[in-house]
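> Pasted the sequence and its predicted model underneath.
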Amino acid sequence: MLGLSRSQKEAVGLLSVGSFLEYFDLMLYIHMAVLLNELFFPKTEPHTTALLAAFAFWSTYVARPIGALLFGWIGDNIGRKATVIITTMMMVFACITMALVKTYAEIGIIASVIVTICRMLQGMSCTGEIAGAELYLTETIQPPLQYPAVTAVTVFSVLGATAALTVASLVTSSPDSNWRIAFLIGAGVAITGFVARTALKETPDFVNAKYKMKQAIENAGGDLASLNKNPIVQEKVNWKTTLAYFSLRCAWPAGFYFAYIYCGNILKQSFSFTSSQVIHQNFIVSIVELIMACILLGLSYKIYPLKILKFILGVFTIFIICCPWLLENAQSSFHILLIQSFVGTFALGIIPAAPIFYKHFPIFKRFTYTSFLYALSRILMYGVTSFGFVYLIDYFSYWGILFIMIPVIIAYGLALIHFEELEVKSGNYHP
């Protein structure tokens, strides 16, 4: 990117490539779930199968709050660099284990347990990964270059998910293909990411804050009352900001689950798609999502990010209100593809405004709070969507989708208003 120093460009490159590798590994199972759930979980009647599939998906996110607290502490006390290195090694271990584990037909329920634990480890790893990468660049680069630089991490994470779909499509394209190869490839790319990230330096903001804290401790000379008056120690997290950030983070999982997982189930049940065909169609959706991420990267340098998110919110709201009617009248898999692509394109998230949200948290609490709220939003929303869609749509047909989506949209809009007010007060808002 023009205007960045050499060290900043290296940081963007290393973290972007690392996010690509991390998301390749994380999304590999999710996008192959239509096949792998049949191999690692018992076969039952359709409704129970849907619930088991929902649990398998949700298990990826169950341990994320634990990972957020662990890596949040490491990130806020040891450094941002340490987290992205440790999380990469966890991903290597999980991928190798899943490549070698035997199926349910061979070892029974033990296979289900092992795979579930591996998914939990991958979920923990991803929590520290994405927060660490985005915070690192937020604290290393100043606006307006900060916005496209942090967005680049998302672009490469989407690219990683697309690559995972590519590999999944190839290894499931014929009955003779070996799906284990995909996870061995995943372990290989994770090892590559680990080696690359050892070259990172700590962020300037964190180093400076650490130095100021050290000086404050030395000046206090053991006087705890004096130390507690120091602005760095005294800085608190605003509860409204915490709730607003959590609301923002809750939005994207709902869109993702609907576009990739739920619509995938529609393709199998209503249009008799095979697992391979679902993966292929999801691959097309991921290409559309990748194009949108690239567009956001370019726009974020010219247009204030909060204005971009407000526009996306308006478009997404109109479409979701119409979505149940569109699903009821979908006559072909192509119609489902159009719905998936639109939701994937305009799904509500924090990119390209992530740095704006991060900087309103105190620097020594920033990693812990943002990563924990990120993890909590995933476990809540993937639980609500994966199980909620099963029951709500059973009772209310496709209109049941609105019971989840409308509250998400309202909370997201209120959160944007809160951060807009914070930006105005700080003098950083650009109308």
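Yes, it's here. Numbering: from 1, shown residues only.
> so where's the stretch 51-200 of the chain shaky on pLDDT?
For the stretch 51-200 of the chain, the stretches with pLDDT under 70 are 51-63, 80, 126-129, 171-178, 193, 196-200.
> just so I have it, where are all the helices in it?
64-77, 80-100, 104-107, 109-138, 146-171, 180-197 (DSSP state H, counting those that start in this stretch).
> Which one, of the ones you listed, ends up nearest to residue 241?
helix 109-138 (15.5 Å; Cβ to Cβ). In short, each C-beta sits where N, CA and C put it, glycine included.
> elements contacting the closest one?
Contacting helix 109-138 under the criterion 3 or more Cβ pairs under 8 Å, 6 or more residues apart in numbering; DSSP states H and E are the following elements: helix 6-40, helix 46-62, helix 64-77, helix 80-100, helix 146-171, helix 354-358, helix 366-396.
> who wins for proximity to residue 423 among these?
Once these are compared by Cβ to Cβ, helix 354-358 is nearest, at 6.5 Å.
> Enumerate the positions of that closest one that are buried.
By neighbour count on 16 or more other Cβ atoms under 10 Å, the buried set for helix 354-358 is 354-358.
> can you redo the helices and strands packed on helix 109-138 as TSV with distance to residue 240?
Shown next, in TSV, are the helices and strands packed on helix 109-138 (distance: least, Cβ to Cβ, whole Å):
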stretch	distance to residue 240
helix 6-40	30
helix 46-62	25
helix 64-77	20
helix 80-100	26
helix 146-171	23
helix 354-358	13
helix 366-396	13
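> For residue 109, which of those is the nearest?
Closest to residue 109 of the helices and strands packed on helix 109-138 is helix 6-40 (Cβ to Cβ; 9.7 Å).
> avg pLDDT for that closest one?
Taken as a whole, helix 6-40 has a mean pLDDT of 72.
> One more: stretch 305-319?
On average, stretch 305-319 scores 96.
> do the same with stretch 377-396
83.
> can you dump the C-alpha coordinates of that stretch into PDB?
Extracted in PDB, the C-alpha atoms of stretch 377-396 (Å, rounded to 0.1, in the frame of the first residue of the first chain):
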ATOM      1  CA  SER A 377     -20.800 -13.200  20.200                       C
ATOM      2  CA  ARG A 378     -19.900 -16.300  18.200                       C
ATOM      3  CA  ILE A 379     -20.900 -18.800  20.800                       C
ATOM      4  CA  LEU A 380     -24.200 -16.900  21.400                       C
ATOM      5  CA  MET A 381     -25.200 -16.300  17.800                       C
ATOM      6  CA  TYR A 382     -24.100 -19.600  16.300                       C
ATOM      7  CA  GLY A 383     -26.000 -21.300  19.100                       C
ATOM      8  CA  VAL A 384     -29.100 -19.100  18.400                       C
ATOM      9  CA  THR A 385     -28.900 -19.500  14.600                       C
ATOM     10  CA  SER A 386     -27.800 -23.200  14.400                       C
ATOM     11  CA  PHE A 387     -30.500 -24.400  16.800                       C
ATOM     12  CA  GLY A 388     -33.000 -21.500  16.300                       C
ATOM     13  CA  PHE A 389     -33.400 -21.900  12.500                       C
ATOM     14  CA  VAL A 390     -34.200 -25.600  13.000                       C
ATOM     15  CA  TYR A 391     -37.100 -24.900  15.400                       C
ATOM     16  CA  LEU A 392     -38.300 -21.400  14.200                       C
ATOM     17  CA  ILE A 393     -38.600 -22.500  10.600                       C
ATOM     18  CA  ASP A 394     -40.400 -25.700  11.600                       C
ATOM     19  CA  TYR A 395     -43.100 -23.500  13.300                       C
ATOM     20  CA  PHE A 396     -43.200 -20.300  11.200                       C
END
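> Flag every buried residue along it.
For stretch 377-396, by 16+ other Cβ under 10 Å, it's 377-390, 392-393.
> of the helices and strands packed on helix 109-138, which approaches residue 339 most closely?
Using Cβ to Cβ, the helices and strands packed on helix 109-138 put helix 366-396 closest to residue 339, at 14.2 Å.
> between that closest one and helix 80-100, how many degrees?
When axes from the mean of the first three to the mean of the last three Cα atoms, to 10 degrees is applied, the directions of helix 366-396 and helix 80-100 differ by 40 degrees.
> now the angle from helix 366-396 to helix 109-138?
130 degrees.
> helices and strands around helix 366-396, which ones?
For helix 366-396, the elements it packs on are helix 46-62, helix 64-77, helix 109-138, helix 239-256, helix 354-358, helix 401-426, judged by 3+ Cβ pairs under 8 Å, 6+ apart.
> Out of those, flag the one nearest residue 300.
Evaluated over those, closeness to residue 300 peaks at helix 354-358, with 9.6 Å, by Cβ to Cβ.
> now that closest one, how far from the chain's geometric center?
Remark: helix 354-358 is offset 15 Å from the chain centroid, using Cα atoms, centre = their mean, to the nearest Å.
> ok, now stretch 362-380?
12 Å.
> in the stretch 201-350 of the chain, which ranges drop under the pLDDT threshold?
For the stretch 201-350 of the chain (pLDDT under 70), the answer is 201-235.
> can you do 50?
224, 227 (pLDDT under 50).
> Which parts of it are strands?
Using DSSP state E, counting those that start in this stretch, no strands are found in the stretch 201-350 of the chain.
> Okay, helices next: where are they in it?
204-220, 224-228, 231-234, 239-256, 263-271, 275-302, 305-328, 333-346.
> Could I get those helices in JSON lines, plus columns for distance to residue 108 and mean neighbour count?
Listed next are the helices of the stretch 201-350 of the chain as JSON lines, based on distance: least, Cβ to Cβ, whole Å; neighbours: other Cβ atoms under 10 Å:
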{"stretch": "helix 204-220", "distance to residue 108": "48", "mean neighbour count": "14"}
{"stretch": "helix 224-228", "distance to residue 108": "57", "mean neighbour count": "11"}
{"stretch": "helix 231-234", "distance to residue 108": "54", "mean neighbour count": "12"}
{"stretch": "helix 239-256", "distance to residue 108": "31", "mean neighbour count": "21"}
{"stretch": "helix 263-271", "distance to residue 108": "25", "mean neighbour count": "18"}
{"stretch": "helix 275-302", "distance to residue 108": "22", "mean neighbour count": "20"}
{"stretch": "helix 305-328", "distance to residue 108": "37", "mean neighbour count": "17"}
{"stretch": "helix 333-346", "distance to residue 108": "35", "mean neighbour count": "20"}
